[in-house]
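**Student:** What follows is a predicted protein model with its sequence.
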Amino acid sequence: MSKTSSRFSRRDILSSAATLAAAAVLAPPFSQPLEARPRFATNPFMFGVASGDPLPDGVVLWTRLGADLEDAETWGLAEPSYKLWWALYDAEAPGRAVAQGDAVAAREKGYAVHVEAGGLQPGHRYTYRFWCGDEESPLGLTKTAPPPGLDAKLRFGFCSCAEYENEFFHAYRAMAEADLDFAVHLGDYIYESAYEHFRIKFGRPTARRLRYDRYTDAMEPIRIASLGQFRRRYAEYRMDADLAEAHRVMPWIVTWDDHEVDNDYAALTPLKGDAAEFAAKRKNGYQAYFENMPIRLSALPVVGDARQLYRRFDFGKLLRLHVLDERQYRDAQACKPGGVLIDPAQCPDLAAERHMLGAQQLDWLKDGLANSPALWNVLAQGIMFTPADARVKDEEPLKVWHDAWSAYPWAQGNVMSLLEQNGAKNPVFITGDIHSHWVTKVRRRGADGKWGPTLAPEFVGTAISSGLNDRPDAERRNDDVVVFHNGKRHGYCLVEASAAEFKTTMVMMAKDAREPEAKPIADHSWAYKVEPGKRDPVRV
């Protein structure tokens, strides 16, 4: 156990009969006037609780009120706003409140609440709860980051791509049971497709069809666009028991990819459709995202209809997490409409100076790497960075995926230059999006087609529940950069970082995710590590 971890593990805290008994009778450490207490027909904390953005001295606590999932305007709540109370407790002494206060859940913000609790001990576990009137939320568990300068050990998971209708969220349950310090979500937390759109597209009942017939039959075959539709989409996700549990037991650090708004969009340019309509849709999608994620809103400036999402977190002197935003500032994809695969020989625009991160974010990343005190510098981002061959058949010319880093070679080269300049900082990529597990070597390919040395390892996680992307020929065709690939299972990635190694396990669900009640079995067979000062990942 690391020097900063609490004496009790997350499992100890949640499973201890004595702790649970004490937690069950926790009363708010304050009194409410009887006349000020609102009355609810059902418990309004239907969306559970969450925490996120852990710092050494604080964490964000989140909840959202609601009573009626189908009422996108008032959520079945009578008042335009409600006062909530919250309290945070030492997890090893659950009867003692170490921080408390009140907050307002307002209709114009979807009744979401973000509390930034501070003054906490570093590397420490806490429980927390919200109250409104006589109703109380589930008991949450969170943890602060280690203190600066400490060489701690970390155990965290990263994941992406949870298409609600496609499969069940068994991988979230596995994460909840893995005793993690925190979770990193790399995008596609929701999918913007409406139910009927999904059913028509795939021509079969979905995994959740029987549970939601009354919704699917009433919806048109369109993608969601209004603020109410986005809010409702997050609401149904948050009511999933597996996702709710994963949020309840640990803090999350999040960034988005495309499906939080629209497939393969780039800044204010949609892949398809009218730009003005898309701008309105993006504004709604962004608002719903920030309402529903446990993000430290005070640290993220608002500029027009945009909000800065890229940010960094330090975990002692062991690890710095650089959380990137690859959607809001990028240039549009090259050579559209040309399909999803681009032949560089047929697309001269591919080599133009086209941004993925934008100039400001690139400068921020440059500064963050150069001045990092950490042994490991982890770039958390949505889409595969490693240059990989996207040919479908051997006889075809090399092609690149239009939405990935390889379709932005100028921007990709800029980041590779940062990796070359900061190689001693031990950069590592963690990635989502592609619906399959990968372990790769980030290498620069010269104009002569020859590969340079490995600049960083990249660990890519499979989907939580989205359609799997199995490419059995991936390793054979890309053996210069691909170390491992498996697209047959859903799951997530488990990281165990220490001063000796950065180890990533490709956790796969052994049970079919289409079985709603089956207990998932996590297969931990495939693990790879990289050691400080080395770049090539090797199998453990």
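**Tutor:** Cool, the structure landed.
**Student:** any idea where the strands of the stretch 101-250 of the chain begin and end?
**Tutor:** Listed from the start of the chain, the stretch 101-250 of the chain has strands (DSSP state E, counting those that start in this stretch) covering 112-117, 125-132, 135-136, 140-143, 154-159, 182-185.
**Student:** out of those, nearest to Lys283?
**Tutor:** Distances from Lys283 to each of the strands of the stretch 101-250 of the chain were compared by Cβ to Cβ, and the smallest falls on strand 112-117, at 16.6 Å. In short, each C-beta sits where N, CA and C put it, glycine included.
**Student:** Keeping just the C-alphas, turn the closest one into CSV.
**Tutor:** Written as CSV, here are the backbone C-alpha positions of strand 112-117 (Å, rounded to 0.1, in the frame of the first residue of the first chain):
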residue,chain,number,x,y,z
ALA,A,112,-27.4,19.9,-11.3
VAL,A,113,-25.1,20.7,-8.4
HIS,A,114,-21.4,21.1,-8.4
VAL,A,115,-19.7,21.5,-5.0
GLU,A,116,-16.0,22.2,-4.8
ALA,A,117,-15.0,20.9,-1.4
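**Student:** hmm, who's touching it?
**Tutor:** With contacts defined as Cβ atoms under 8 Å, 6 or more residues apart in numbering, strand 112-117 is touched by 58-65, 84, 86, 88, 99, 101, 103-105, 128, 130, 291-292, 294-298.
**Student:** Now intersect those residues with the strands, please.
**Tutor:** Residues from the contacts of strand 112-117 lying in strands, with DSSP state E as the criterion: 58-64, 84, 86, 88, 99, 101, 103-105, 128, 130.
**Student:** And the most centrally placed residue in the chain, how far from Gly432?
**Tutor:** When the chain is reduced to its mean C-alpha position, the nearest residue by Cα atoms, centre = their mean turns out to be His185, at 1.4 Å. Distance from His185 to Gly432, counting by Cβ to Cβ, to the nearest Å: 8 Å.
**Student:** do the same with Val115
**Tutor:** As for Val115, its distance to Gly432 is 28 Å (criterion: Cβ to Cβ).
**Student:** which one of the two has more residues nearby?
**Tutor:** Here Val115 and Gly432 are compared on neighbour count by other Cβ atoms under 10 Å; more neighbours surround Gly432, at 29 against 22.
**Student:** Can you give me every residue that contacts that one?
**Tutor:** Contacts of Gly432 were listed using Cβ under 8 Å, 6+ apart, and they are 158-161, 186-188, 257, 382-383, 460-461, 463.
**Student:** re earlier: would you turn the strands of the stretch 101-250 of the chain into TSV with distance to Glu245?
**Tutor:** Compiled in TSV, those are given as follows (distance: least, Cβ to Cβ, whole Å):
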stretch	distance to Glu245
strand 112-117	20
strand 125-132	15
strand 135-136	17
strand 140-143	10
strand 154-159	13
strand 182-185	12
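**Student:** Out of these, which is closest to Asp479?
**Tutor:** When those are compared by Cβ to Cβ, strand 154-159 sits nearest Asp479, at 25.2 Å.
**Student:** Mind giving me the packing neighbours of the closest one?
**Tutor:** Under the contact criterion of 3 or more Cβ pairs under 8 Å, 6 or more residues apart in numbering; DSSP states H and E, strand 154-159 touches helix 170-176, strand 182-185, strand 491-497.
**Student:** Quick one: low-confidence residue ranges for the stretch 151-300 of the chain.
**Tutor:** Residues of the stretch 151-300 of the chain that meet the criterion pLDDT under 70 lie in 194-222.
**Student:** per-residue confidence for Pro348?
**Tutor:** Pro348 is assigned a predicted lDDT (pLDDT) of 89.
**Student:** ok, now Asp523?
**Tutor:** On pLDDT, Asp523 comes in at 89.
**Student:** Which strand residues bridge the closest residue in space to it that isn't next to it in sequence?
**Tutor:** By the measure of Cβ to Cβ, 6 or more residues apart in numbering, the closest residue to Asp523 outside its immediate chain neighbours is Met508, 4.5 Å from it. Taking DSSP bridges as the rule, Met508 bridges to Gly491, Asp523.
**Student:** ok, Met508 touching Ile521?
**Tutor:** No - here Met508 lies out of contact with Ile521, judged by Cβ atoms under 8 Å, at a distance of 9.3 Å.
**Student:** returning to that earlier point: which residues do His185 and Gly432 both contact?
**Tutor:** A shared contact of His185 and Gly432, defined by Cβ under 8 Å, 6+ apart, is any residue touching both; here these are 158-160.
**Student:** how about CSV for these, with distance to Glu496 added?
**Tutor:** Supplementary listing: these in CSV, determined by distance: Cβ to Cβ, whole Å:
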residue, distance to Glu496
Phe158, 12
Cys159, 16
Ser160, 19
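**Student:** Glu458 contacts Ile434, doesn't it?
**Tutor:** No - counting by Cβ under 8 Å, Ile434 is not a contact partner of Glu458; they are 11.0 Å apart.
**Student:** When these two are compared, which one has more neighbours?
**Tutor:** Set Glu458 next to Ile434 and count neighbours by other Cβ under 10 Å: Glu458 wins out with 27 against 24.
**Student:** Return the set of residues that bridge with the closest residue to the more buried one other than its chain neighbours.
**Tutor:** In this structure, Glu458 finds its nearest non-sequential neighbour in Phe429, 3.9 Å apart by Cβ to Cβ, 6+ apart. With DSSP bridges applied, the residues forming beta bridges to Phe429 are Leu379, Glu458.
**Student:** List the contacts of Thr431.
**Tutor:** Thr431 is in contact with 186, 381-385, 438, 458-461, counting by Cβ under 8 Å, 6+ apart.
**Student:** And it, what's its pLDDT?
**Tutor:** The predicted local distance difference test score for Thr431 is 98.
**Student:** Could you give the number of residues near the closest residue to it other than its chain neighbours?
**Tutor:** Excluding the flanking residues, the one nearest Thr431 by Cβ to Cβ, 6+ apart is Val460, at 4.4 Å. When counting by other Cβ under 10 Å, one arrives at 28 neighbours for Val460.
**Student:** Assess the claim that Val460 and Ser436 are in contact.
**Tutor:** Yes - at 7.3 Å, Val460 and Ser436 qualify as touching, with contact defined as Cβ under 8 Å.
**Student:** Just give me the closest of the contacts of Gly432 to Met175.
**Tutor:** Top of the list for closeness to Met175, among these and by Cβ to Cβ, is Cys159 at 6.7 Å.
**Student:** Who's the closest spatial neighbour of that closest one, skipping the chain neighbours?
**Tutor:** On the basis of Cβ to Cβ, 6+ apart, the spatially nearest residue to Cys159 that is not a chain neighbour turns out to be Tyr492, at 4.0 Å.
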